[in-house]
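Trainee: Fold the following and give me the result.
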Amino acid sequence: MILKKFLPNEHVRDVFEIRPEDLKKRGIKGIITDLDNTLVAWNVESATPEIIEWFKLMEEHHIKVTIISNNKEERVKLFSEPLATPFVYSARKPLGQAFKKATKQMNLKKEEIVVVGDQIMTDVLGGNIAGFYTILVVPIVKTDGKLTKINRQIERRILSWMRKKGMITWEE
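Mentor: The predicted structure is shown next:
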């Protein structure tokens, strides 16, 4: 069933609930993460001290992180470069090209990577179609850019249907 592709493997409040020890137990060596509203609010330019700490923690545990964003190069580069983190911009998620590129850059297998993001229409759907374990995070802020607003409306309908069917148990 197509709607299953919108279903994340896991749902967490924020990226700080994603711990290197838990990932390593599952054989995970890499994270492909979205940027806007996943790591920081979409209108925040650079990493917060907490996010910088989270990236350091992953690095200390030898977990590679790559940012893939549908946003423009300037935005993604400005955020990623101070963290010395590889990135893919204008990713066109949920299409698979950016996921393939990130996997290749990290030199890991799909089974060794999780995809993290705040949108089921782009991050979860893209990650699931590409064959990754997906983790949905609660968006950092309730506001969104224009296109994302449309996605969120569709998302709410899908999540509501899944809730009614008992496919998900978390609340928004």
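
Trainee: show me where this structure has strands.
Mentor: Assigned by DSSP state E, the strands in the chain fall at 10-12, 30-33, 64-68, 87-88, 113-117, 133-137.

Trainee: mind listing what's buried in the second one?
Mentor: Spelled out, that is strand 30-33. The neighbour-count criterion (16 or more other CB atoms under 10 Å) identifies G30, I31, I32, T33 as the buried residues of strand 30-33. Backbone N, C-alpha and C define where each C-beta goes, glycine included.

Trainee: In JSON lines, list those along with distance to Q105.
Mentor: Output for those, formatted as JSON lines (distance: CB to CB, whole Å):
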{"residue": "G30", "distance to Q105": "10"}
{"residue": "I31", "distance to Q105": "13"}
{"residue": "I32", "distance to Q105": "10"}
{"residue": "T33", "distance to Q105": "13"}
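
Trainee: Just the closest of those to G131, please.
Mentor: Within the set of the buried residues of strand 30-33, I32 lies nearest G131; the separation is 12.0 Å, counting by CB to CB.

Trainee: Pull the residues that contact the helix ranked longest in the chain.
Mentor: Taking residue count as the measure and DSSP state H as the definition, the longest helix of the chain comes out as helix 146-164. In this structure, residues lying in contact with helix 146-164 by CB atoms under 8 Å, 6 or more residues apart in numbering are 3, 6-7, 36-37, 42, 119-122, 144, 168-169, 172.

Trainee: Direction-wise, compare it with strand 133-137 and give the angle.
Mentor: Helix 146-164 and strand 133-137 meet at an angle of 110 degrees, taking axes from the mean of the first three to the mean of the last three CA atoms, to 10 degrees as the criterion.

Trainee: May I have the worst-scoring helix or strand of the chain on mean pLDDT as PDB, with CA atoms only?
Mentor: Ranking every helix and strand in the chain by mean pLDDT, DSSP states H and E puts helix 146-164 at the bottom, with a mean of 75. Once side chains and other backbone atoms are set aside, the C-alpha atoms of helix 146-164 remain, and they are given as PDB (Å, rounded to 0.1, in the frame of the first residue of the first chain):
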ATOM      1  CA  LYS A 146       5.200  28.700   1.100                       C
ATOM      2  CA  LEU A 147       5.700  25.200  -0.500                       C
ATOM      3  CA  THR A 148       6.200  23.500   2.900                       C
ATOM      4  CA  LYS A 149       2.800  25.000   4.000                       C
ATOM      5  CA  ILE A 150       1.100  23.100   1.200                       C
ATOM      6  CA  ASN A 151       3.000  19.900   2.100                       C
ATOM      7  CA  ARG A 152       2.000  20.300   5.800                       C
ATOM      8  CA  GLN A 153      -1.700  20.400   4.800                       C
ATOM      9  CA  ILE A 154      -1.400  17.100   2.900                       C
ATOM     10  CA  GLU A 155       0.700  15.700   5.700                       C
ATOM     11  CA  ARG A 156      -2.000  16.400   8.300                       C
ATOM     12  CA  ARG A 157      -4.500  14.500   6.300                       C
ATOM     13  CA  ILE A 158      -2.300  11.500   5.800                       C
ATOM     14  CA  LEU A 159      -1.300  11.500   9.500                       C
ATOM     15  CA  SER A 160      -5.000  11.800  10.600                       C
ATOM     16  CA  TRP A 161      -5.900   8.900   8.400                       C
ATOM     17  CA  MET A 162      -3.000   6.800   9.700                       C
ATOM     18  CA  ARG A 163      -4.100   7.700  13.300                       C
ATOM     19  CA  LYS A 164      -7.600   6.500  12.600                       C
END
